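>>> Show me how the following folds:
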Amino acid sequence: MEKIMSTYTVAEGRTNFCAIIEMVEHGERVKITKRGKVVATVIPEAATPVVKPKLDLEALRVLRESMPYMKTNSVEIIRRMRDGEIDE
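Numbering: from 1, shown residues only. Below is the predicted model:
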């Protein structure tokens, strides 16, 4: 069951900000209008879809193969930098 979406002008939104946040916390979507046109919709965070970018595995493989092989591991390099044996 979809809840009715409330609408507030920008001025009303400023005045009723806490009430709007409370409504959104309860799952309601709230439209904000300016001069009669919707300029924003406040929606609950859980309703925001999370879009993960697809990894280009082939490009990642090519990048990895193009990198030079390191004879010394990163732990050893950091230890030597810490001890002043090599400059950053």
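>>> mind listing the strands in the chain by residue range?
Shown for the chain, the strands assigned by DSSP state E span residues 6-9, 30-34, 37-42.
>>> Would you mark the buried spots in the first one?
Read that as strand 6-9. S6, Y8 (16 or more other CB atoms under 10 Å). To be clear about C-beta, it is placed using only N, CA and C from the backbone, and glycine gets the same treatment.
>>> so what does it touch, helix or strand wise?
With contacts taken as 3 or more CB pairs under 8 Å, 6 or more residues apart in numbering; DSSP states H and E, strand 6-9 sits against helix 17-25, strand 30-34.
>>> Pick the most buried one from those.
For those, the largest average neighbour count (mean count of other CB atoms under 10 Å) is found in strand 30-34, namely a mean of 16.
>>> Show the pLDDT at R64.
You'll see R64 listed with a pLDDT of 91.
>>> any idea how far K71 is from it?
Using CB to CB, to the nearest Å, we find R64 at a distance of 17 Å from K71.
>>> Not counting its neighbours along the chain, what's nearest I43?
Distance criterion CB to CB, 6 or more residues apart in numbering; nearest residue to I43, sequence neighbours excluded, is R29 at 4.9 Å.
>>> what do you get for I20?
That would be V30: by CB to CB, 6+ apart, it lies 5.1 Å from I20.
>>> Pretty sure the one you found sits against S6.
Yes. Between V30 and S6 there is a contact at 5.0 Å, judged by CB atoms under 8 Å.
>>> Now do the shared contacts for the two.
I20, M23 (CB atoms under 8 Å, 6 or more residues apart in numbering).
>>> And the pLDDT at I86?
81.
>>> Same question for E28.
Predicted confidence (pLDDT) for E28: 91.
>>> Which residues are in contact with P68?
Contacts of P68 by CB under 8 Å, 6+ apart: none found.
>>> could you redo the strands of the chain as a markdown table and give each row distance to E76?
Below are those laid out as a markdown table (distance: least, CB to CB, whole Å):
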| stretch | distance to E76 |
| --- | --- |
| strand 6-9 | 60 |
| strand 30-34 | 56 |
| strand 37-42 | 52 |
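>>> For the residue nearest to I20, which residues count as its bridge partners?
V30 has these beta-bridge partners by DSSP bridges: S6, V42.
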